[in-house]
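Asker: Could you look at this predicted model? Sequence included:
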Amino acid sequence: MLAQALNAFFEIRDVPGLKKKPTTSELLDWLKLLMAEDIPPEALHSQDTHRIVPPLHGALIKNEQDVHLFERLVFMSRRKG
């Protein structure tokens, strides 16, 4: 679970245009939520890393503008693929 979560965390940090990149604090909060909701590690992994929106991703992203940007980028990459 930790390896998959860290991969998703670093992928979100690499999203271009985010005003505030997630930090260790958001990562820890997100991990707690994933465990509390009993999210399986497989839910954090995809063969195509541009096509997955991690569960509870809003806990990682600091503001609503960045959440919308992230979701738009994922949607656009799905349309291209």
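Answerer: Noted; the coordinates are in hand. This is a predicted model, so every value here is computed, not measured.

Asker: Buried residues, the helix or strand where A5 lies. List them.
Answerer: Here A5, judged by DSSP states H and E, is contained in helix 2-13. Buried residues in helix 2-13, counted by 16 or more other Cβ atoms under 10 Å: 4-5, 8-9, 12. (C-beta placed from N, C-alpha, C; glycine too.)

Asker: Also stretch 32-40?
Answerer: For stretch 32-40, the neighbour count (16+ other Cβ under 10 Å) marks 34, 39 as buried.

Asker: tell me the secondary structure for K19?
Answerer: Classification of K19 using DSSP: H, G, I helix; E, B strand; the rest coil returns coil.

Asker: Distance check, the closest residue in space to it that isn't next to it in sequence against L73.
Answerer: Leaving aside its chain neighbours, K19 sits nearest to D66 (5.6 Å; criterion: Cβ to Cβ, 6 or more residues apart in numbering). The spacing between D66 and L73, counted by Cβ to Cβ, to the nearest Å, is 10 Å.

Asker: Comparing those two, which residue is more hemmed in?
Answerer: The neighbour count for D66 versus L73, taken as other Cβ atoms under 10 Å, is higher for D66 (20 against 15).

Asker: Hmm, the more buried one is touching P16, no?
Answerer: No. Using Cβ atoms under 8 Å, D66 makes no contact with P16, being 11.4 Å away.
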